[in-house]
Each structure stands twice: as structure tokens, then as C-alpha cells.
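Enquirer: fold the following for me, if possible:
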Amino acid sequence: MMDAAFAEMTFIHGYIHSDPHPGNIMVRPKGRRGLLSWLLRGTWQPFEVVLLDHGSYLTISNRLRQQYCQLWCSLFAGDTAGAASVAIELGGQRAGQILPVILTQRGRNKEEQKEMQRAAGV
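Expert: Got it, this is the predicted structure:
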């Protein structure tokens, strides 16, 4: 449910919550019943997720939102060339080299992957 909320907020509406730690997320029973009666009832009830700290949102342009979607779709599809291409559009040549590596924690090739594992002590 959390991933769906953040994905919709970012990829559909163009908002990025800049501080999504557990203290800024609340889960509560859905509906008008009070928390105490919900807890004492002891049965499953529908719930809702409430995001807090609305002062730390970033609104992104439609173009940036689409590029960000393309970047993540490329990463999930394993399309490293596509991810690098979008990253170059987003932040230039250096971003095309490092952004896919940072987001996936995987090297662009076997040698780079081995070096990352060595540096991490794996």
C-alpha cells in the first residue's frame, strides 16, 4: 500500500515527499469509529495510510515526471542503455554514468560490479 501511494503521488501527480521516514507516516482505522473501540473490538478493520509533514514536498514538471517514469521503467526492465539515456537527459553525461548505478546498486558491467562488491567487502 505504501509503495502504491508514493508511486501514484510521484509518477502520476508529480509530487515528491522529501522526508518519507516512519515518523511522517501514520496508519489509522478507516471510518468514524474511535481508535479505542477499534482496538478493543479485536477484529480486522479497514485502515488508511496518512502521510505527514506536508511542508517538505517538491512539485516536479510534467516533463521531469515523464523522464523519471522512463528512468524507473528502464531500470525495472533491465534496460541499462535506456536508463543511461534518460539519466543523461536529466543530468548530463556524468549522471548517465552514475545515476543508474546509484539507484540499482549494480555495476554497468561485470568489472564494475566486482569492484563495487570488493569496495563493499562482499
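Enquirer: secondary structure class for Glu48?
Expert: When classified by DSSP: H, G, I helix; E, B strand; the rest coil, Glu48 comes out as strand.
Enquirer: got the contact list for it?
Expert: Val27, Arg28, Pro29, Lys30 (C-beta atoms under 8 Å, 6 or more residues apart in numbering). Using the backbone N, CA and C atoms, a C-beta is placed for each residue, glycine as well.
Enquirer: and it, bridged to which residues?
Expert: For Glu48, the beta-bridge partners under DSSP bridges are Arg28.
Enquirer: find me the pLDDT at it, would you?
Expert: At Glu48, the pLDDT value in this model is 83.
Enquirer: now do it against Gln67, distance only.
Expert: Relative to Gln67, Glu48 is positioned 31 Å away (C-beta to C-beta, to the nearest Å).
Enquirer: next one: Arg118
Expert: Arg118 is 33 Å from Gln67, by C-beta to C-beta.
Enquirer: neighbour count winner among the two?
Expert: Gln67 (16 against 9; other C-beta atoms under 10 Å).
Enquirer: quick check: which element contains that one?
Expert: Gln67 belongs to helix 62-77 when assigned by DSSP states H and E.
Enquirer: list the contacts of that helix.
Expert: Contacts of helix 62-77 (C-beta under 8 Å, 6+ apart): 10-11, 14, 60, 80, 82-83, 85-87, 89-90, 99-100, 103-104.
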